[in-house]
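Trainee: A predicted structure for the sequence below; I have some questions about it.
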Amino acid sequence: MTDELLSLTSFCPPEAEAPARRDRGPRGVGRAPVPESHLRLSHAYGAGCFDEFLWVFAGSSENEYLDIEAATAQTQSVLRSKQIPEVRYALREFEMVPERLIQWGVTDNADVLLWIPAGDPEDWPTVVLQAGQLDFVVARRSSTGLVLDLMTRALRIPFFPDDFPSSRPRFSAKPWGGGDRGHAHT
């Protein structure tokens, strides 16, 4: 277990072992691999929600709305038709376009977390894109590091609610109490 993952699991423990929620999925999305650090995060937590706000996806999730590949296909389709000049300009540094980003998370406010798949997958930055593509933040952290920073308030995203995270964040694979409801936002 990496230092980031150990810190995250200590601060915000995963639920008890539940094999049905473990990442059994592909090691990649299209031609891009899923970073090993995210696979370890998925193995520790599965797909689910941090503090009833931040949803983290896994490969081959039983819930299609929490599946990296399915979410990415939908998001890439939406981003392909968007102008978003500021985002396109920021992605030039990485020689990337929005329609090639890989979605690994979403918030209850429909903000999306997308890897910028440039270079070594373990070094992929994340762009957090506000719902409606109104604002964005580029974070140069792994998905695990980003979740840790958000849960400990080491990183504050200006368009996230002020009360996120709570003083005692929790993780839940099914925070809505069961069923098969999922979230699909872009």
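Mentor: On my side now, so go ahead. Numbering: from 1, shown residues only.

Trainee: per-residue confidence averaged over stretch 112-129?
Mentor: Mean pLDDT, stretch 112-129: 96.

Trainee: how close does residue 120 sit to residue 142?
Mentor: 11 Å (Cβ to Cβ, to the nearest Å). For every residue, glycine as well, the C-beta is placed using N, CA and C.

Trainee: list the buried ones in the longest helix belonging to the chain?
Mentor: The longest helix of the chain (DSSP state H) is helix 68-80. Using 16 or more other Cβ atoms under 10 Å as the test for burial, helix 68-80 gives 68, 69, 70, 71, 72, 74, 75, 76, 79.

Trainee: Let me know the angle separating the strand with the most length in the chain from helix 68-80.
Mentor: Determined from DSSP state E, the single longest strand within the chain is strand 102-107. Angle of strand 102-107 versus helix 68-80, following axes from the mean of the first three to the mean of the last three Cα atoms, to 10 degrees, is 90 degrees.

Trainee: For strand 102-107, which strands pair with it and how are they oriented?
Mentor: Partners of strand 102-107 in the sheet, by DSSP bridges, are strand 54-56 (antiparallel), strand 112-115 (antiparallel).

Trainee: and the shortest one, how far out from the chain's middle?
Mentor: In other words, strand 54-56. Taking Cα atoms, centre = their mean, to the nearest Å, one finds the center of strand 54-56 at 6 Å from the center of the full chain.
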